[in-house]
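Visitor: Return a 3D structure for these sequence lines:
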Amino acid sequence: MPEPLLAERRPDGIAVLTLNDPDRRNAMSDEMTAAWRAAIEDLRGDRDVRCVVVTGAGSAFSSGGELSWLADTGDVAVPALRDRMLAFYRTWLTIRALEVPTIAAVNGHAVGAGLCLALACDLRYASSDAKLLAPFTALGLHPGMAATWLLPEVAGLPLAREMLLAGRVVTGAEAERYGLVNKAVPRDEVLDEALTVAGRVAAQAPIATRLTKAALSGGGHGDMEAVLRWESLAQPVTMSSRDMLEGLAAQRDKRVPRFTGE
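Guide: Residues are numbered from 1 along each chain as shown. Below is the predicted model of the structure:
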């Protein structure tokens, strides 16, 4: 049986995680979930990683959670189901807790929890013909894995409501127009596009990039004054780094900076 998740470290500071169960359209099985948990924990402690790209093997990004076990849940008590679902959601959404930027290379259909995984990343690049959908209510289910938070956060309430309440299916090309993905490209160019952007991310100063991601992720910023307080601390932190001196020197010398994260 192949490994359910492939983790590749590239020499440029980019890590690529590939959901690897193409025969089941990369459904989020227990085995894949366990492998994901271990991979994210490994990345969290790797100071050489500067950007993480997530994609799927084969023709799909992910078909979401496995449906086969749902038919047997009628006799299971709600507290036990709650515990199982919380563990599943929290495991996959740990990608939000990574300090480095994350990119979803949506190479094919992203369904339900699979769509939520893509939405949990900082940037998304999709195949033009990919289908993005969240068919929870069509299955008699309330949305899960933070779908009711992530979809409005990324695409706004009107599209979120249409997808979650009316079952609208959005293609990658449509998703670009709505801002659901950053860019849609032909299917065979998706990973290359994501890696190109990841290369640009990885080339930036690591300390400044991590702090900027934290700011853009909310960080408790309730208003502009809270943002100013954050920036008045975070900017001096970067001012005291060697990377800032390197960035200024590279600009002066008209060369590419060599950032070290120090």
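Visitor: Helices of this protein, start to end?
Guide: Assigned by DSSP state H, the chain shows helices spanning 30-44, 78-92, 113-120, 147-155, 157-165, 172-178, 190-202, 206-216, 224-239, 242-253.
Visitor: Quick check: which helices or strands does the first one pack against?
Guide: This points to helix 30-44. On a contact count with 3 or more Cβ pairs under 8 Å, 6 or more residues apart in numbering; DSSP states H and E, helix 30-44 meets strand 5-9, strand 14-19, helix 78-92. No exception for glycine: its C-beta is placed from N, CA and C like everyone else's.
Visitor: now those in CSV, with mean neighbour count, mean pLDDT and distance to Gly56?
Guide: Output for those, formatted as CSV (neighbours: other Cβ atoms under 10 Å; pLDDT from 0 to 100; distance: least, Cβ to Cβ, whole Å):
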stretch, mean neighbour count, mean pLDDT, distance to Gly56
strand 5-9, 16, 97, 10
strand 14-19, 22, 98, 5
helix 78-92, 13, 86, 14
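Visitor: To Glu246, which of the ones you listed lies closest?
Guide: Closest to Glu246 of the helices and strands packed on helix 30-44, according to Cβ to Cβ: strand 14-19, at 20.4 Å.
Visitor: and the angle for that closest one with helix 190-202?
Guide: Orientation check (axes from the mean of the first three to the mean of the last three Cα atoms, to 10 degrees): strand 14-19 against helix 190-202 gives 150 degrees.
Visitor: closest to Ala138 out of the helices of the chain?
Guide: Comparing those under Cβ to Cβ, the one sitting nearest is helix 157-165, at 10.4 Å.
Visitor: quick revisit: turn the helices of the chain into CSV, columns for distance to Lys131.
Guide: Shown next, in CSV, are the helices of the chain (distance: least, Cβ to Cβ, whole Å):
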stretch, distance to Lys131
helix 30-44, 21
helix 78-92, 20
helix 113-120, 10
helix 147-155, 15
helix 157-165, 11
helix 172-178, 8
helix 190-202, 14
helix 206-216, 28
helix 224-239, 37
helix 242-253, 41
